[in-house]
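# all I have is the shape, not the residue letters:
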């Protein structure tokens with residue numbers, strides 16, 4: 001959580017006053033887009049090592065399932081929450097992917113890649129300047145926890161709705177399931193974008209060939 005002291009240091013309005021009008025920065029009325037990544041390392045997928053390409057390959061499969069789930073949940077709400085075969089299939093595939101593919105993928109990142117990369121980021125000065133050094137790894141691991149929380153909430157709300165007789169209560173639960181699902185979808189897409197475009201190029205930049213060989217060996221045994 002950001003403290004008041006940290007907020008004062010990062011407040012874009014204060015920073016703009018300090019720098020003057022001739023040094024324009026991001027405005028709170030015109031904030032940078034979520035997918036803008038200042039300072040990112042430009043690197044093609046094919047220029048990365050095999051272990052990073054394997055993680056990116058996993059992401060491609062997850063994004064296809066997420067896209068189908070997004071289409072399904074939007075159609076489900078727009079047609080008055082009436083299930084059909086395609087919608088039901090998109091829901092089933094998504095939650096199966098979450099359990100069988102994404103969570104094991106995240107554990108592999110957390111146990112094998114992240115500890116090495118976190119140390120590299122700290123040594124390179126790629127961390128927050130507060131008393132506790134926060135790196136991109138902390139942000140990514142926080143996202144992993146949110147995936148579990150939002151996924152469990154969306155799954156349980158969708159299941160609960162089928163057992164509610166009162167129509168108004170049922171719609172309230174379904175609306176909440178819809179909003180939770182949309183939040184999870186957007187978080188997944190942004191998280192994967194940040195790993196592919198920012199984190200993995202940094203890993204390729206800071207981790208040595210010998211260290212990547214050790215990482216690959218651990219991934220093969222995972």
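In hand now; what should we look at? What you are looking at is a predicted structure, and each value in this text was computed from that prediction instead of being measured.
# mind listing what's buried in whichever strand or helix holds residue 140?
Using DSSP states H and E, residue 140 maps to helix 136-161. Buried residues in helix 136-161, counted by 16 or more other C-beta atoms under 10 Å: 136-138, 140, 143-144, 147, 150-151, 153-155, 157-158, 161. Any C-beta I mention is one placed from the backbone N, CA and C, and that applies to glycine too.
# helices and strands around that helix, which ones?
Packing partners of helix 136-161 (3 or more C-beta pairs under 8 Å, 6 or more residues apart in numbering; DSSP states H and E): helix 85-97, helix 103-108, helix 114-123, helix 167-194.
# out of these, flag the one nearest residue 52.
helix 114-123 (10.3 Å; C-beta to C-beta).
# rounded mean pLDDT for the closest one, please.
In this model, helix 114-123 carries a mean pLDDT of 96.
# do stretch 60-75 as well
98.
# list the contacts of it.
The contact list for stretch 60-75 (C-beta atoms under 8 Å, 6 or more residues apart in numbering) reads 86-87, 89-91, 93-94, 97, 101-102, 105, 178, 181-182, 185, 188-189, 192.
# mind putting the helices and strands packed on helix 136-161 into JSON lines with mean neighbour count?
What follows is the helices and strands packed on helix 136-161, written out as JSON lines (neighbours: other C-beta atoms under 10 Å):
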{"stretch": "helix 85-97", "mean neighbour count": "16"}
{"stretch": "helix 103-108", "mean neighbour count": "16"}
{"stretch": "helix 114-123", "mean neighbour count": "17"}
{"stretch": "helix 167-194", "mean neighbour count": "17"}
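# how about those helices in a markdown table, adding distance to residue 201?
Shown next, in a markdown table, are the helices and strands packed on helix 136-161 (distance: least, C-beta to C-beta, whole Å):
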| stretch | distance to residue 201 |
| --- | --- |
| helix 85-97 | 26 |
| helix 103-108 | 19 |
| helix 114-123 | 11 |
| helix 167-194 | 11 |
